[in-house]
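**Student:** prediction below, plus the sequence it came from.
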Amino acid sequence: MIFFCNTNTRTKAAIIRRVQFREGSLPVTYLGLPLITKRLSRTDYAPLVERLTARASSWISKALSFAGRLQLVKATLVSMQVYWCSAFFLPSTFAKECDRILRKFLWGGQGRGKVKWTEVCKPMAEGGLGIKEMKTWNRALLLKQVWDILMDQSLWARWCHVYLIKQSKFWIMPANGLQSWSWRQILLLMPVAKEHLIYKCGRGDIFSLWFDLGCMENQYIHYMGIGLSMTHIWAGWR
């Protein structure tokens with residue numbers, strides 16, 4: 001079967017005629033994840049919520065010590081979410097449901113504990129229990145995709161450069177238009193990525209003053225008298 005997204009009728013007919021495949025409709029499940037082009041709905045992420053609930057219910061929480069329940073949360077329940085967190089920007093409602101399941105199991109079947117969940121999710125060095133908070137963990141894993149694109153470290157990243165980014169600059173790509181929802185979420189994370197990138201001084205022959213990050217903001221470059229049209233000027237560091 002073949003699946004289309006943002007493709008006009010004439011183009012679809014030409015492709016189907018050439019490849020002789022049947023047209024399928026999304027979403028479908030592939031490698032345990034739903035293939036979608038739009039925002040995740042409750043129906044899409046329901047299987048993961050059901051799996052988390054079933055796994056937590058299979059353990060007798062009251063028969064375990066608090067340390068035992070904490071270890072199961074960190075080693076098993078949180079790990080079950082990693083695959084999804086690496087692929088999708090998960091809705092807040094989904095994150096709250098997952099946190100509720102973890103919280104209820106950790107406190108021995110009670111919905112609320114004596115400590116706020118935000119405090120529980122802090123690192124142990126900061127007084128928390130080291131449980132990964134769902135929304136933060138989700139953003140961190142998606143930022144890894146941004147890093148893969150920047151470093152061109154995977155087959156998927158090379159595909160993005162050829163078919164999505166093409167000759168454009170990744171940092172200035174608009175997060176709108178005929179793009180899948182997942183790709184737009186990656187582009188919306190670019191400001192966060194910029195705040196955490198560190199450049200190492202080198203030859204400077206692949207560094208753009210205007211379109212790449214550096215130790216100076218663009219407004220300072222403007223004060224230096226370098227115009228936006230001078231896109232072929234490269235910064236050199238010695």
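**Tutor:** Ah, there it is. Worth saying up front: this structure is predicted, and the values here are computed from it rather than measured.
**Student:** if I pick residue 8, what's in contact with it?
**Tutor:** If you count contacts by C-beta atoms under 8 Å, 6 or more residues apart in numbering, residue 8 has none. The C-beta positions use only the backbone N, C-alpha and C, and glycine is treated the same way.
**Student:** quick one, phi psi at it?
**Tutor:** With angles defined as degrees, to the nearest 10, residue 8 sits at phi -70, psi 160.
**Student:** helices along the protein, start to end?
**Tutor:** 9-19, 42-58, 66-72, 79-85, 92-106, 117-120, 134-151, 155-160, 181-188, 190-195, 218-223 (DSSP state H).
**Student:** and residue 166, which of those is closest to it?
**Tutor:** Of all the helices of the chain, helix 155-160 sits nearest to residue 166, with 9.7 Å by C-beta to C-beta.
**Student:** hmm, back to that, so which of the helices of the chain gets nearest residue 36?
**Tutor:** Comparing the helices of the chain by C-beta to C-beta, helix 42-58 comes nearest, at 6.3 Å.
**Student:** so which elements touch the closest one?
**Tutor:** helix 79-85, helix 92-106 (3 or more C-beta pairs under 8 Å, 6 or more residues apart in numbering; DSSP states H and E).
**Student:** tell me the centre residue of the chain?
**Tutor:** By C-alpha atoms, centre = their mean, the mean C-alpha position of the chain lies nearest to residue 142, the distance being 2.3 Å.
**Student:** ok, residue 45 touching residue 92?
**Tutor:** No: between residue 45 and residue 92 there is no contact under C-beta atoms under 8 Å: 11.8 Å.
**Student:** distance of residue 161 from residue 153?
**Tutor:** With distances taken as C-beta to C-beta, to the nearest Å, residue 161 is found 11 Å from residue 153.
**Student:** which one of those two has more residues nearby?
**Tutor:** Between residue 161 and residue 153, residue 161 has the larger neighbour count (other C-beta atoms under 10 Å), namely 15 against 12.
**Student:** so what's that one closest to, chain neighbours aside?
**Tutor:** Using C-beta to C-beta, 6 or more residues apart in numbering and skipping residues adjacent in sequence, the residue nearest residue 161 is residue 152, 6.5 Å away.
**Student:** cool, residue 83 as well?
**Tutor:** The nearest residue in space to residue 83 (C-beta to C-beta, 6+ apart) is residue 32, at 6.8 Å.
**Student:** burial of that neighbour, as a residue count?
**Tutor:** 11.
**Student:** per-residue pLDDT, residue 16?
**Tutor:** Residue 16 carries a pLDDT value of 90.
**Student:** OK, contacts around it?
**Tutor:** Per C-beta under 8 Å, 6+ apart, neighbours of residue 16: 2, 22-23.
**Student:** can you give the domain ranges for the chain?
**Tutor:** Listed domain ranges for the chain are 31-197, 200-238 (source: automatic domain parsing).
**Student:** quick one: low-confidence parts of the protein?
**Tutor:** Residues of the chain meeting the criterion pLDDT under 70: 61-62, 109-113, 167, 199-238.
**Student:** which phi and psi does the residue nearest to residue 2 when sequence neighbours are not counted have?
**Tutor:** Of all residues not flanking residue 2 in the chain, residue 21 sits nearest, at 4.1 Å (C-beta to C-beta, 6+ apart). Phi and psi for residue 21, reported as degrees, to the nearest 10, are phi -100, psi 160.
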